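J.: sequence first, predicted model second:
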Amino acid sequence: MKDFTAKNAFNFNRVDAEEYLLKNGAGKIRRIIGAYLEPPMNYAVDGTIQQGAINDDSDPGMPPKFITPQPLRTFTPDDLKHYEYPKFQTCKDLPAKLPIDRGLELYKNGTAIIWNVGNFETPENYTLDEAPFCPVDADPFLPWIHDVFPSHDGTVVEFIAHNRRRCKTGRKHRPDVLRMEPQVSLMQHVSVKRLTEVEASQLAPELWQSSTELEEKAYRYRLVPMEDASSDGKFTRFICRFYGTEFTTGKPRLVLLDENLSIYPYNYEFISYRKGKPTMITPKGRDNKYFWTSIIRFQCPVPENLQNIIKTGNSILSDGTPTLHVDLIPIRTPPRFGVDQMYLPEDMIGPPTMWQKTSLNNWGDKDKRSKGFNASEQWGLKNVLPRVEASGRWTNLPICQPSVLFEDEDHDDNAGSNSDIVKADKSILLKKMTEKPHLLSACLWASTTFRVRGGKSDGRKAVTDTGSRLREWIEFHLMVGFDHIYVFDNSGAHTNETSLAPIINDYPKSKISHIEWPSIICNNNIPAHDSAGERSSQYTAENSCRTRFAPFTEWIASFDTDEYLVPMGEHNDLRSVVIEAQKKGTNILTFRSSRGRLMYERSKDVEGGYREMLPNYTYIEAYNCDSSSIPKESWADRARKQIYRADYVPYHYVHYSTVTKGYMKEFKDDKSRWRPHYSDNTERVTDERSEAIMIHTKTTSPTDTTRWNKRCKFDFEKKWRGCSVGFAWPNGVVDSENNHTKEGFQYNCFMNERVENYWIGRLKEALKRRKNQYNDNNN
């Protein structure tokens with residue numbers, strides 16, 4: 001049934017809208033982002049969940065027994081708490097002013113507060129205290145949205161959210177782990193069938209009854225087994241309601257246009273199974289190693305009659321005010337634990353004989369035959385969803401302009417954003433791409449200042465050299481063949497005084513895009529901390545970049561300003577490297593990572609017994625002394641970075657291509673050769689001598705070089721203290737008989753001759769040309 005009686009055409013007249021805006025201002029046009037918070041439901045039998053031994057990480061706990069059938073949600077609109085988030089006003093504010101967190105907060109000394117949330121227990125009133133800034137802790141069924149935008153062709157609205165349950169996983173946070181379980185539910189599909197109002201009322205008369213004509217005309221839904229679901233309701237999780245602001249009566253009028261069900265770009269539950277993992281979620285919650293559950297990505301299909309106006313950006317007024325919005329209503333069910341509750345059809349995972357008795361953990365009973373999820377038993381036959389008005393939801397999420405590219409330097413600054421993601425010549429929007437305009441693009445998440453993992457909020461372990469690094473990093477990677485670089489500027493999470501914009505503005509917008517991204521890391525602990533670090537801002541930025549700009553590039557990479565991807569051998573750029581790799585069937589190129597040391601000859605002593613880089617050297621020059629020889633050993637895989645084919649890897653997570661097209665292949669695609677557990681064989685490590693290598697120039701802080709003149713001696717006994725100052729092996733050859741300088745400093749690193757003799761000179765020339773060009777433009 002797809003006969004939406006409340007469906008309306010969008011009768012939008014831009015002339016009328018702009019005339020009203022000019023005469024009356026935008027106050028009555030703009031819709032404020034809001035959230036309705038639904039009270040929590042108890043889906044489990046009391047006392048049946050076990051979170052596992054608190055000091056035994058090998059004990060994941062035991063999932064609860066769920067109440068069957070799942071209880072109906074009988075709340076009324078009066079039971080919901082409503083919050084509004086007025087920081088967002090126009091598309092110029094997207095994505096920077098979405099209600100993600102409290103925003104920048106400073107200590108009295110001006111230092112930004114970045115919480116290491118594993119170091120203290122959650123306050124009693126935390127959830128409601130946070131709700132005025134972000135509603136997700138108070139209602140964990142609401143996705144923690146960091147970005148929302150239409151696809152470049154206007155067919156879907158993309159949502160990039162983070163799994164907030166991963167932010168607090170330590171022993172002090174066992175209550176938080178339980179409370180935030182719905183965040184994982186959002187990654188697990190449900191199946192629903194559309195109903196008429198009469199059918200819904202007959203099945204579940206105890207649900208709240210609407211008195212408005214709009215609700216009486218709207219769709220109703222019931223949770224059903226997959227085989228009984230509507231054709232677009234087999235793999236969904238959200239109801240998407242589209243609204244438009246019209247001006248046919250001479251003043252703005254909000255109209256409900258259509259309603260669709262969400263879709264996933266890949267099936268999270270299926271990906272977990274293909275990785276050979278027992279579950280997407282454990283009761284204990286120490287699941288951060290499941291990288292593919294960090295980002296919640298989903299889409300709302302755009303009604304066909306709205307696709308063109310969204311694709312062209314014509315629904316956005318001249319001041320950036322959007323006239324189209326979407327409400328997002330989650331369908332609420334508890335999470336499914338493990339293979340025994342897996343809800344996937346046979347054409348995806350094969351017949352039961354392939355998965356019923358599996359080596360995957362069935363919560364302590366490895367001999368148990370998995371039954372799979374029984375929808376009829378768990379949901380019952382009358383599990384009708386409540387009306388939208390009585391459901392927790394996000395409201396008035398703006399539909400702005402799709403991400404586009406600059407074709408030249410002339411662009412319309414009123415096209416919708418102060419970020420470069422939505423400003424461009426309209427001809428590019430209307431021009432159908434016959435091939436991707438770029439071969440190689442880069443994503444960068446960076447800030448003028450930041451604290452390393454585990455850094456205290458008093459300013460210790462602060463890094464402040466990103467600005468000086470960024471010019472060099474951009475220049476180098478443009479020089480080696482990157483077509484475009486997208487800079488997601490996280491400066492606003494750390495300071496309100498500076499940003500990376502002044503540096504980026506020195507470059508043509510056809511080469512560099514600047515996206516304001518001030519969202520704050522939810523947990524800046526080190527990965528090995530009891531409450532493992534979760535750099536939510538970085539992970540969502542990378543996913544947003546890949547999702548926004550993959551349509552425009554064949555290959556893409558995400559790495560940092562201290563990481564240089566250097567062509568080697570006969571390659572003078574990275575373009576030839578990826579072209580040759582693609583011809584050989586490679587989809588993912590991995591660069592192993594080892595630290596470069598600050599070279600003794602290119603640094604100086606400073607007060608306090610430290611060393612720092614001399615000012616007349618570039619970073620890649622000063623740190624061209626790698627702790628590992630070529631080729632690097634497999635231990636250097638841990639902090640790898642990758643260039644990957646944008647269409648082959650829909651989800652990349654910092655170091656890993658965690659979801660690929662290979663993982664997404666289903667049983668029906670190749671029944672004879674399909675196997676449940678998959679490992680991608682189109683990924684390989686670069687040949688560091690003949691293709692490319694990564695030079696990691698991570699800043700050596702003053703404290704890293706404390707007492708360097710003792711710690712770097714060949715006869716220093718406490719070798720575990722380490723030496724962070726670089727002394728290069730002569731000719732790159734390890735010689736146990738001649739292992740130190742005449743001053744007694746032990747050789748500990750290897751100079752890259754290709755960098756030294758070829759790339760450094762060219763980089764300095766490029767930096768000089770850019771400086772001269774800047775001076776000419778400003779004279």
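T.: Alright, I've got the coordinates.
J.: what about residue 48, neighbour count?
T.: Applying other C-beta atoms under 10 Å, we find 12 residues neighbouring residue 48. The way it works is simple: take the backbone N, C-alpha and C, and place the C-beta from them, glycine included.
J.: neighbouring strands - and their directions - for the helix or strand containing residue 327?
T.: Per DSSP states H and E, residue 327 falls inside strand 324-330. Sheet pairing for strand 324-330, assigned by DSSP bridges, gives strand 238-246 (antiparallel), strand 393-398 (antiparallel).
J.: put together TSV for those strands, with mean neighbour count on each row.
T.: Shown next, in TSV, are those (neighbours: other C-beta atoms under 10 Å):
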stretch	mean neighbour count
strand 238-246	23
strand 393-398	23
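J.: same list (the ones you listed) but as TSV, adding distance to residue 549 and mean pLDDT.
T.: Listed next are the strands paired with strand 324-330 as TSV, based on distance: least, C-beta to C-beta, whole Å; pLDDT from 0 to 100:
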stretch	distance to residue 549	mean pLDDT
strand 238-246	23	97
strand 393-398	20	98
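J.: make JSON lines out of the ones you listed and add distance to residue 463.
T.: Shown next, in JSON lines, are those (distance: least, C-beta to C-beta, whole Å):
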{"stretch": "strand 238-246", "distance to residue 463": "39"}
{"stretch": "strand 393-398", "distance to residue 463": "34"}
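J.: state the distance from residue 725 to residue 561.
T.: From residue 725 over to residue 561 the distance is 22 Å, taken as C-beta to C-beta, to the nearest Å.
J.: for the stretch 351-500 of the chain, what spans make up the helices?
T.: Per DSSP state H, counting those that start in this stretch, the stretch 351-500 of the chain carries helices over the ranges 375-379, 426-430, 466-479.
J.: ranking these by burial, who's on top?
T.: A comparison of the helices of the stretch 351-500 of the chain by mean neighbour count, using mean count of other C-beta atoms under 10 Å, puts helix 466-479 on top with a mean of 20.
J.: quick check: mean pLDDT of that helix?
T.: Helix 466-479 shows a mean pLDDT of 95.
J.: equivalent analysis for stretch 92-109, please.
T.: For stretch 92-109, the mean per-residue pLDDT is 93.
J.: quick one: the strands in the stretch 1-150 of the chain?
T.: In the stretch 1-150 of the chain, the strands defined using DSSP state E, counting those that start in this stretch lie at 33-37, 81-85, 144-150.
J.: brain fart, the stretch 651-779 of the chain
T.: For the stretch 651-779 of the chain, applying DSSP E, counting those that start in this stretch gives strands covering 651-653, 656-659, 683-685, 692-696, 725-726.
J.: and for the longest one, what are the contacting residues?
T.: Translated: strand 692-696. With contact meaning C-beta atoms under 8 Å, 6 or more residues apart in numbering, strand 692-696 is reached by 559, 562-568, 571, 574, 577, 589, 591-596, 620, 623-624, 626, 630, 639, 641, 686, 752, 755.
J.: now do the second one
T.: Strand 656-659 has contacts (C-beta under 8 Å, 6+ apart) with 266, 271, 291-292, 588, 640, 642, 644, 649-652, 680, 683.
J.: on that earlier part again, the strand holding residue 327 to strand 33-37, inter-axis angle?
T.: 20 degrees (axes from the mean of the first three to the mean of the last three C-alpha atoms, to 10 degrees).
J.: direction-wise, compare strand 324-330 with strand 144-150 and give the angle.
T.: Orientation check (the same axes, to 10 degrees): strand 324-330 against strand 144-150 gives 140 degrees.
J.: and the next element down the chain from strand 324-330?
T.: helix 346-349.
J.: okay, and the beta partners of residue 245?
T.: Following DSSP bridges, residue 245 is listed with bridge partners residue 254.
J.: check contacts around it.
T.: 12, 17, 29, 31, 252, 253, 254, 255, 323, 324.
J.: and if you look at residue 262?
T.: 236, 237, 238, 239, 240, 298, 299, 300, 301.
J.: next, work out how far apart it and residue 157 are.
T.: Computed as C-beta to C-beta, the residue 262 to residue 157 distance reads 9 Å.
J.: same thing with residue 736?
T.: Distance, residue 736 to residue 157, using C-beta to C-beta: 62 Å.
J.: please apply the same query to residue 642.
T.: From residue 642 to residue 157 the distance is 28 Å (C-beta to C-beta).
J.: what of residue 195?
T.: Noted for residue 195: a distance of 25 Å to residue 157, by C-beta to C-beta.
J.: more neighbours: these two, which one.
T.: When neighbours are counted by other C-beta under 10 Å, residue 157 comes out ahead of the other of residue 195 and residue 157, with 28 against 21.
J.: quick one on the thing from earlier: which among the contacts of residue 245 end up buried?
T.: 12, 17, 29, 31, 252, 255, 323, 324 (16 or more other C-beta atoms under 10 Å).
J.: quick one: which of the strands paired with strand 324-330 is nearest residue 606?
T.: Evaluated with C-beta to C-beta, the strands paired with strand 324-330 place strand 393-398 nearest to residue 606, the distance being 49.8 Å.
J.: picking up where we left off before, can you list the buried ones among the contacts of residue 245 in a markdown table and add pLDDT and distance to residue 228?
T.: What follows is the buried ones among the contacts of residue 245, written out as a markdown table (pLDDT from 0 to 100; distance: C-beta to C-beta, whole Å):
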| residue | pLDDT | distance to residue 228 |
| --- | --- | --- |
| 12 | 93 | 38 |
| 17 | 96 | 43 |
| 29 | 96 | 42 |
| 31 | 97 | 36 |
| 252 | 95 | 41 |
| 255 | 95 | 32 |
| 323 | 98 | 38 |
| 324 | 98 | 33 |
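J.: turn those into a markdown table, including distance to residue 210.
T.: Below are the buried ones among the contacts of residue 245 laid out as a markdown table (distance: C-beta to C-beta, whole Å):
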| residue | distance to residue 210 |
| --- | --- |
| 12 | 27 |
| 17 | 30 |
| 29 | 27 |
| 31 | 21 |
| 252 | 24 |
| 255 | 18 |
| 323 | 26 |
| 324 | 24 |
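J.: which one of those is nearest residue 76?
T.: Residue 76 lies nearest to residue 31 out of the buried ones among the contacts of residue 245, by C-beta to C-beta, at 23.8 Å.
J.: span of stretch 197-209 from start to end?
T.: One end of stretch 197-209 sits 10 Å from the other (C-alpha to C-alpha, to the nearest Å).
J.: can you give me the buried ones in that stretch?
T.: 197, 200, 203, 204, 207, 208.
J.: likewise stretch 48-62?
T.: For stretch 48-62, a neighbour-count test (16+ other C-beta under 10 Å) marks 49, 51, 52, 59, 60, 61, 62 as buried.
J.: again with stretch 707-714
T.: Buried residues in stretch 707-714, counted by 16+ other C-beta under 10 Å: 708, 709, 711, 712, 713.
J.: filter the contacts of strand 656-659 to the buried ones?
T.: Buried residues within those, defined by neighbour count using 16+ other C-beta under 10 Å: 271, 291-292, 588, 640, 642, 644, 649-652, 680, 683.
J.: strands of the stretch 301-450 of the chain, residue ranges please.
T.: Ranges of strands in the stretch 301-450 of the chain, per DSSP E, counting those that start in this stretch, are 324-330, 393-398, 438-446, 450-451.
J.: how close does residue 577 sit to residue 402?
T.: 30 Å.
J.: go on, residue 604?
T.: Residue 604 sits 50 Å away from residue 402, going by C-beta to C-beta.
J.: okay, these two: which has more neighbours?
T.: Comparing residue 604 with residue 402 by other C-beta under 10 Å, the one with more neighbours is residue 402, at 24 against 12.
J.: check what pLDDT residue 120 gets.
T.: Confidence score, pLDDT, at residue 120: 83.
J.: burial count for the residue lying closest to it once chain neighbours are set aside?
T.: Spatial nearest neighbour of residue 120, chain neighbours left out: residue 172 (7.2 Å); criterion: C-beta to C-beta, 6 or more residues apart in numbering. Per other C-beta under 10 Å, the neighbour tally for residue 172 reads 16.
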